[in-house]
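Peer 1: Structure here, sequence nowhere to be found:
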């Protein structure tokens with residue numbers, strides 16, 4: 001909550017959290033982190049299995065998600081939340097899907113529809129986290145910047161559709 005006279009966030013004296021902070025913020029960012037790690041696990045396998053001409057694209061997505069997972073971990077730790085670096089079962093599914101596709105077909109620009117679908121899932125988690133309630137400005141700024149980086153990478157690869 002920002003008092004108009006100071007422009008500074010009021011912290012609850014008992015918890016050190018911003019006053020009026022929803023307990024759902026940490027949950028929403030945790031969900032975003034999980035989806036990011038799940039995507040990262042799929043991209044790690046994709047980089048391994050990708051055709052040479054597509055490997056650089058897969059690597060860009062992998063690197064972006066790796067960077068975002070680290071940044072989200074730092075935000076969660078700063079909030080006092082637990083961080084699960086392994087993601088969820090969906091990460092294992094992502095790896096299996098990439099492996100199966102590589103067995104029967106090439107991992108090349110034809111996977112971009114699948115990539116965009118998966119990234120929509122991550123973008124919805126960004127939107128959920130950003131809509132979850134008042135959070136420290138630096139966390140919100142970081143989430144917005146990460147979301148924009150993902151959108152920029154999706155736009156930069158639009159020619160592959």
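Peer 2: Nice, thanks for sending it over. As the structure is a prediction and not an experimental result, all values here were calculated from the model. Residues are numbered from 1 along each chain as shown.
Peer 1: Mind jotting down where the helices sit in this structure?
Peer 2: Using DSSP state H, the helices assigned to the chain run over residues 24-49, 52-78, 89-104, 112-130, 137-156.
Peer 1: Output these as TSV; include the columns mean neighbour count and mean pLDDT.
Peer 2: From N, CA and C alone the C-beta is placed, and that goes for glycine too. As requested, the helices of the chain are exported to TSV (neighbours: other CB atoms under 10 Å; pLDDT from 0 to 100):
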stretch	mean neighbour count	mean pLDDT
helix 24-49	22	94
helix 52-78	18	96
helix 89-104	15	64
helix 112-130	17	94
helix 137-156	15	97
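Peer 1: Nearest residue to the middle of the chain?
Peer 2: The residue at the geometric middle of the chain, judged as the C-alpha nearest the mean C-alpha position with CA atoms, centre = their mean, is residue 36 (3.6 Å).
Peer 1: Would you mind listing the residues in contact with it?
Peer 2: With CB atoms under 8 Å, 6 or more residues apart in numbering as the criterion, the residues that contact residue 36 are 65, 68-69, 72, 122, 125.
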